[in-house]
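Enquirer: This is a predicted model, with the sequence first.
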Amino acid sequence: MSDETGASHRGLLPDRFRQAAQPGTVLLRLETTQSREGALDGAWWPHSRDISAELPGLVRALTEHLGPIASVGLDAEAWDDVPARLVVDGRSVHIDRYPVGDDTVIITRGDRDHFSLLVVPPQASREAALAAMARAVEADGTDSARQILIATGVGPEPPAEAS
């Protein structure tokens with residue numbers, strides 16, 4: 001299939017996305033069914049660990065596709081100076097601090113609609129980031145964010161078990 005149609009080969013992103021992707025990119029796989037398949041709903045590649053600088057861009061991108069974002073859940077230890085809330089385009093977005101790990105953020109729209117996004121570390125190489133983002137949006141993907149980052153060479157290998 002041609003990349004011009006928006007189709008891609010398994011595990012690859014369309015050429016037009018690959019050429020445009022850089023830190024700050026948000027990639028979503030949005031489904032309109034109640035039971036979304038896959039472990040993750042998308043991926044985000046922030047420029048830095050400064051959540052006050054990075055989050056407004058993510059919220060704007062998500063609001064365009066999902067509607068107003070009520071809150072963002074993240075691991076405060078993975079980010080610099082996490083505030084309790086941010087105001088983005090005149091709307092207050094609550095920041096929930098969870099020990100979810102630095103490799104995901106949980107986006108909440110409304111009361112109960114949650115979206116889980118892989119967070120690609122800012123220092124990731126472009127090719128590794130693109131590979132991780134492509135795996136995160138596979139419709140039938142069951143790998144955790146940590147597994148995806150390790151498999152694509154972005155995350156550290158887990159410690160070896162003592163024998």
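Expert: Received the coordinates, thanks.

Enquirer: Low-confidence ranges, this structure, go.
Expert: Counting by pLDDT under 70, the chain contains low-confidence residues at 1-38, 100, 156-163.

Enquirer: Tell me which residue is most central in it.
Expert: In the chain, the C-alpha nearest the mean C-alpha coordinate belongs to Ala43, at 2.6 Å (CA atoms, centre = their mean).

Enquirer: what helix or strand is that one on?
Expert: Secondary structure assignment for Ala43, by DSSP states H and E: strand 42-45.

Enquirer: Report the strands that pair with that strand, each with its relative direction.
Expert: The strands beside strand 42-45 in its sheet (DSSP bridges) come out as strand 25-28 (antiparallel), strand 113-119 (parallel).

Enquirer: State the distance from Ala70 to Trp44.
Expert: 17 Å (CB to CB, to the nearest Å). Backbone N, C-alpha and C define where each C-beta goes, glycine included.

Enquirer: His94 now?
Expert: Taking CB to CB, one finds His94 at 18 Å from Trp44.

Enquirer: When the two are compared, which one has more neighbours?
Expert: Neighbours were counted for His94 and for Trp44 using other CB atoms under 10 Å; Trp44 has more, 25 against 13.
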